[in-house]
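S.K.: sequence plus predicted model, see below.
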Amino acid sequence: MSVSFKQYTKYNKKLWKFQCYLGKTEFGEEVRTTRSGFQTKKVAQQVYRQLQLDFDKNTLKMNGNITFKELYEEFIEQYRLKVKPSTIMITRRAIEDHALEYFGDKVLKDISVRFCTQVNRRWIRDGYKQAYYFRRAVAQILQYGVQQELIHETQCEKPNQSNVKKLMKI
């Protein structure tokens with residue numbers, strides 16, 4: 001694990017940067033990174049240690065900033081191999097007509113349980129009888145993201161179903 005810390009001057013300020021080798025990926029590729037703009041060497045060292053810990057825990061992902069729409073496109077290609085064309089059409093209609101409006105440009109790590117619950121309630125309030133299917137389709141896509149190790153857990157399976165059923169009766 002090699003790391004080098006260097007001090008440099010930018011806009012008449014002395015700042016610190018480091019270059020480091022974190023390790024190898026599961027495909028044997030070396031992972032190196034450079035970070036800069038630290039006020040002190042101590043802060044740079046702390047960031048390096050945290051970066052190394054994240055890499056060792058395998059939480060540092062190069063695809064961590066993928067959007068829901070990109071994941072959906074990847075999912076639909078894989079899903080197409082498993083199900084009938086009619087199922088693909090139903091799923092595409094649910095996602096493209098209803099879910100992408102809310103989830104499309106959102107980065108996966110920014111999708112929260114609260115956001116999923118709010119979207120689900122909005123579908124119910126708007127009178128969609130298929131709101132349960134919309135939520136289930138979104139949850140399937142997020143579960144695919146978990147399988148691909150892009151996120152740690154799916155956020156759509158957490159909304160309390162008893163509350164949703166009460167809202168539907170009102």
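M.R.: Structure's in. What do you need?
S.K.: tell me the mean pLDDT for stretch 19-32?
M.R.: Mean per-residue pLDDT for stretch 19-32: 79.
S.K.: report the buried residues of that stretch.
M.R.: Cys20, Leu22 (16 or more other CB atoms under 10 Å). Quick note: C-beta positions are derived from backbone N, CA and C, even for glycine.
S.K.: quick check: domain ranges of this structure?
M.R.: 3-56, 68-169 (automatic domain parsing).
S.K.: start and end of the first one, how far apart?
M.R.: Taking CA to CA, to the nearest Å, the span from the opening residue of domain 3-56 to its closing residue is 15 Å.
S.K.: distance from the chain centre to that domain, please.
M.R.: With CA atoms, centre = their mean, to the nearest Å as the basis, domain 3-56 stands 24 Å off its chain's centre.
S.K.: give me the neighbour count for Glu149.
M.R.: Residues near Glu149, counting by other CB atoms under 10 Å, number 11.
S.K.: bridging residues for Thr34?
M.R.: Beta-bridge partners for Thr34, by DSSP bridges, are Gln19.
S.K.: wait, it sits on Phe18?
M.R.: Yes. At 7.2 Å, Thr34 counts as touching Phe18 under the criterion of CB atoms under 8 Å.
S.K.: please report how far the residue nearest to the spatial centre of the chain lies from Phe75.
M.R.: Geometric centre of the chain, nearest residue: Leu108, 2.6 Å, by CA atoms, centre = their mean. In this structure, Leu108 and Phe75 are 12 Å apart, going by CB to CB, to the nearest Å.
S.K.: where exactly do the helices run in this protein?
M.R.: Taking DSSP state H as the criterion, the chain carries its helices at 41-56, 68-79, 85-94, 100-103, 113-125, 131-147, 161-169.
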